[in-house]
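Asker: sequence-free structure coming up:
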């Protein structure tokens, strides 16, 4: 079967203490694949460079971030299910708790309001400002996205979210060193952003939901903080560039957003949460099923990265063991080519992304094998794939499924 | 400790006859580091390309020579301790012996005059020409640098040094194919260079020092030959680009000049000569001490390259043994991350730089290890770092000391 699954285990790579989670985990299916496949190490962006989650996935999908990265805002907005239009300016947003005078931020996350409260508050942040439509959508807990839709907007505006620097909501400003036309658009957009902030503060202050929270002595979600502005521009889809149909099985909104951005179909899987409680088996089964009408399935599991950020070695190790047991059998059974890797390392001792290489594994009937017998950061140093870059992944997959275009003739 | 030492052993790589100097040397500390670290091979510029000393170090420091290489002149001038200003045009210079008619070069190196004589003759080559200041500084033996400082100068001028081609001092000319503005500057600069050459010849001919040399039947240093013109332009320092403080421990002027160019602090070490008699232990101790107030220390030892140029296998081998014994214990004790490599290979059988890969070693607490047990050109072929480029080195160091900036978000 000339189809492939690209399985990205977020934050997979780690450092030895003295073993890495991959080395410590009991994972007979991963190791069976290593023994029957070919392995290596990969730097998603470049050797030593620490990848973010967004640029790394673009790179893995064959989209050079230097050319195609639209900023985090549009990717999150797509992931939240907003159908973006050319020229939309999108922001990441947080509900926050601000003092009555509007000057002081009490909690950047509004006491982490329940997802349902966020949904219910959405309507106070949807509005029209000077002919521009402000489309707000909440996602998980205090998080959400804002899209500004209208003529002559610019993403070259600064955040209103102080990110812990200072304690008040910031005024959005046009970025420095812009051309004169872009400057005019940016000045206008910053004005609209500031008007949105003010209007949302007034509307949320009077919201029924916040009166209920106040009565229950809970922090009110009475303001919206914005960051990571980006302008949306339609780009050539994978179908157009690579002549393949691709689909995404992922719980996390960002990953669904990136997949949507490059033209993948988004597959809904019940129980796929993008969190530690996600239904791994349901995702693997969905990926295998999705191969029936797609050439490539991008399968994503977030939790290893989350455990890395928590510094939870045992959690990361056990998550790898669960993936091995609950997912790999269905993937192997699918008969598709398997390309298994991560987007970056998230070493538990660092509790953050790092620039260390990530193990990568290619398995498929009739493909070359190397002598590596285990799938981990150290064993894969000897792997037959050598040291790859993220930009190698999509050409390798296209080659596996015989969709590679000839260079020259 | 999140600090690192980048130890560059100049001309380290070699060819097997039948062993390489690294293979033949007794070097228990190098091998201990290989066993407890991770190794590989590196091409400073690109696979197979023979690196010069200047571009290779720029690349190792994370400065792409395509973008940042100012020519050899300015780097030598900075290394000689001249504080360059934007627009200065700098040359490498030699004192030479020229026949009385000024037409024939008798010795391109003026009989390798003592360093002290060069210093004493400096004053005859410092002058004003048409509003341009000619700043001459001697360095070691017959060597020195000339800086032209003034308005509207250009580095697009040819050498006066015939380098053994022909036997007279050459007239400097404007380079071919320049734009009209640059051409005017270059024509003017060439005129100034030729005037300098003439005036220096007259002044040196009457110098007291040369009369003494003549009486002692020694070759007179009665002319200055110029080569390798380059214009100085201030570039963003390592602090600005990488948010790190860096320092240089090197004896050789060129290496100090390159370090200065990228904004490193230059550490003075008594006995660090940049020659075969250098005080290795003093340099290693200084590097370890310098970590107290710097994030990265660049440590440089020149002599392995010099022995390579001499074709002296035994000398190179013994120098490696001395480095192992006199330097590595202090570096290991420093607890800093160690990145040990060379700038290029200088095979003894070639007596010249070559494009062969250079061994590289990364060692640090908590980092990944490979199965390589010896530090040499052949063992490192199996190393877990694989085949690196010079441009990988600074990202890898920044990742080690947790100073890597995230790509994307």
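Answerer: Yep, that arrived. Just so you know, these numbers come straight off a predicted model, no measurement behind them.
Asker: residues of chain A that sit close to chain B?
Answerer: For chain A, the contact set with chain B under Cβ under 8 Å from any Cβ of the partner chain comprises A:15-17, A:41, A:45-56, A:58, A:65, A:69, A:72, A:228, A:349-350, A:353-356, A:377-378, A:381-382, A:386-387. In short, each C-beta sits where N, CA and C put it, glycine included.
Asker: buried subset of these, written for PyMOL?
Answerer: Selecting the buried subset of the residues of chain A next to chain B in PyMOL, with 16 or more other Cβ atoms under 10 Å in any protein chain shown as the burial test, is done by:
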select buried, chain A and resi 15+16+41+45+46+47+48+49+50+51+52+53+54+55+56+58+65+69+72+228+350+353+354+355+356+377+378+381+382+386+387
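Asker: now do the same contact list for the residue of the stretch 101-250 of chain A found nearest chain B.
Answerer: Scanning the stretch 101-250 of chain A for the residue nearest chain B gives residue A:228, at 6.8 Å (criterion: Cβ to the nearest Cβ). Shown in contact with residue A:228 (Cβ atoms under 8 Å, 6 or more residues apart in numbering or on different chains): A:71-73, A:76, A:91-92, A:159, B:409.
Asker: equivalent analysis for residue A:143, please.
Answerer: So residue A:143 contacts A:92-94, A:118 (Cβ under 8 Å, 6+ apart).
Asker: looking at strand pairing, list the partners for it.
Answerer: On the basis of DSSP bridges, residue A:143 is bridged to residue A:94.
Asker: next, format the contacts of residue A:228 as CSV and append pLDDT.
Answerer: CSV is the format used below for these (pLDDT from 0 to 100):
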residue, pLDDT
A:71, 95
A:72, 96
A:73, 97
A:76, 97
A:91, 98
A:92, 97
A:159, 96
B:409, 88
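Asker: what are the ranges of the helices in the stretch 301-409 of chain A?
Answerer: Assignment of helices within the stretch 301-409 of chain A using DSSP state H, counting those that start in this stretch yields the ranges A:303-310, A:313-326, A:328-333, A:390-400.
Asker: so which of the ones you listed is the most packed in?
Answerer: When you average the neighbours per residue for each of these (mean count of other Cβ atoms under 10 Å in any protein chain shown), helix A:303-310 leads with a mean of 22.
Asker: what's the local residue count around residue A:156?
Answerer: Residues lying near residue A:156 (other Cβ atoms under 10 Å in any protein chain shown) number 22.
Asker: swap that for residue A:231, sorry
Answerer: Neighbour count of residue A:231, defined by other Cβ under 10 Å: 21.
Asker: for chain A, longest helix please?
Answerer: Longest helix in chain A by number of residues (criterion: DSSP state H): helix A:180-205.
Asker: I'd say residue A:173 and residue A:190 touch.
Answerer: Yes: using Cβ atoms under 8 Å, residue A:173 is in contact with residue A:190, at 5.4 Å.
Asker: which one's more surrounded, the two?
Answerer: Shown here are residue A:173 and residue A:190; by other Cβ under 10 Å, residue A:190 has more neighbours (21 against 16).
Asker: the more buried one: what's it in contact with?
Answerer: A:157-158, A:171-174.
Asker: top of those by neighbour count?
Answerer: Once you tally neighbours by other Cβ under 10 Å, residue A:157 ends up highest among the contacts of residue A:190, having 26 neighbours.
Asker: beta-bridge partners for that one, please?
Answerer: residue A:174.
Asker: switch the contacts of residue A:190 over to TSV; also include pLDDT and distance to residue B:326.
Answerer: Shown next, in TSV, are the contacts of residue A:190 (pLDDT from 0 to 100; distance: Cβ to Cβ, whole Å):
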residue	pLDDT	distance to residue B:326
A:157	97	58
A:158	96	54
A:171	95	60
A:172	96	59
A:173	96	57
A:174	96	59
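Asker: where along the stretch 101-250 of chain A do the strands fall?
Answerer: A:105-107, A:127-129, A:132-138, A:143-149, A:223-231, A:246-249 (DSSP state E, counting those that start in this stretch).
Asker: pick out the shakiest of the ones you listed, pLDDT-wise.
Answerer: Across the strands of the stretch 101-250 of chain A, strand A:105-107 has the smallest mean pLDDT, namely a mean of 92.
Asker: direction included, what does that one pair up with?
Answerer: Short version: by DSSP bridges, strand A:105-107 pairs with strand A:89-98 (antiparallel).
Asker: got the contact list for the closest residue to residue A:330 other than its chain neighbours?
Answerer: With sequence-adjacent residues excluded and distances taken as Cβ to Cβ, 6 or more residues apart in numbering or on different chains, residue A:330 is closest to residue A:284, at 4.1 Å. Contacts for residue A:284 (Cβ under 8 Å, 6+ apart) come out as A:299, A:326-331.
Asker: chain B: which of these is nearest?
Answerer: Looking across these and measuring by Cβ to the nearest Cβ, the closest to chain B is residue A:299, at 21.0 Å.
Asker: what bridges to the closest one?
Answerer: Counting by DSSP bridges, residue A:299 is bridged to residue A:7, residue A:249.
Asker: hang on, it packs against residue A:285?
Answerer: No: contact status for residue A:299 versus residue A:285: not in contact, 10.8 Å apart, counting by Cβ under 8 Å.
Asker: which of these two has more neighbours?
Answerer: residue A:299 (25 against 19).
Asker: shaky segments in the stretch 201-350 of chain A?
Answerer: Counting by pLDDT under 70, the stretch 201-350 of chain A shows no low-confidence range.
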